[in-house]
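Novice: structure here, sequence nowhere to be found:
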């Protein structure tokens, strides 16, 4: 079950998951937490199963567009469809429904987005030795209904 958790961004279990979605550096985790603590800022959702926070998805929501800022699943639960499920459940919950979902990622996660239907475009080396990708998913009526 996906639930809104923006106000809980500073909790230890949420910080752990945010740590998986950013460069493993305490400063980067703090930056991510601050993004969700800011008034009117980004939204954070958590996927809870049997009382356990399994994954998080953090995003900016505009009227017709969702930009994924953070997406992470506990290592022992990866490859089980939670990441895809969080994106789909988020699309079902939002009103009005967005027309597209955008994410920026690295080489490690680009295949995840490609495999669930995102168009992938290289942004080149945004940081030395690190190729980044812009991933775009155009939402069709069936996905959002």
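Specialist: Nice, I can see it. In this text the structure is predicted, and so the values were computed from the model without any measurement.

Novice: strands of the protein, start to end?
Specialist: Per DSSP state E, the chain has strands spanning 2-4, 43-49, 52-61, 65-73, 100-106, 119-127, 130-138. These are given in chain order.

Novice: can I get those strands in a markdown table with distance to residue 84 and mean pLDDT?
Specialist: For glycine as for every other residue, the C-beta is placed from the backbone atoms N, C-alpha and C. Formatted as a markdown table, these follow (distance: least, Cβ to Cβ, whole Å; pLDDT from 0 to 100):
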| stretch | distance to residue 84 | mean pLDDT |
| --- | --- | --- |
| strand 2-4 | 12 | 95 |
| strand 43-49 | 11 | 97 |
| strand 52-61 | 11 | 97 |
| strand 65-73 | 10 | 97 |
| strand 100-106 | 12 | 96 |
| strand 119-127 | 15 | 92 |
| strand 130-138 | 11 | 95 |
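
Novice: can you tell which of these is closest to residue 12?
Specialist: In this view, the strands of the chain are compared for proximity to residue 12 by Cβ to Cβ, and strand 52-61 is the closest at 10.2 Å.

Novice: which residues sit in contact with the residue lying closest to residue 99 once chain neighbours are set aside?
Specialist: Nearest residue to residue 99, sequence neighbours excluded (Cβ to Cβ, 6 or more residues apart in numbering): residue 64, at 4.3 Å. The contact partners of residue 64, by Cβ atoms under 8 Å, 6 or more residues apart in numbering, come to 96, 98, 99, 100.

Novice: who wins for neighbours among those residues?
Specialist: Neighbour count (other Cβ atoms under 10 Å) singles out residue 98 as the most crowded of these, with 22 neighbours.

Novice: just give the nearest non-adjacent residue to the residue nearest the centre of the chain, would you?
Specialist: Most central in the chain under Cα atoms, centre = their mean is residue 71, positioned 3.0 Å from the mean C-alpha point. Closest residue in space to residue 71, ignoring its immediate chain neighbours: residue 57 at 5.1 Å, by Cβ to Cβ, 6+ apart.

Novice: from residue 127, how far out is that neighbour?
Specialist: According to Cβ to Cβ, to the nearest Å, residue 57 and residue 127 sit 23 Å apart.

Novice: look at these two and report which has more neighbours.
Specialist: When neighbours are counted by other Cβ under 10 Å, residue 57 comes out ahead of the other of residue 57 and residue 127, with 28 against 9.
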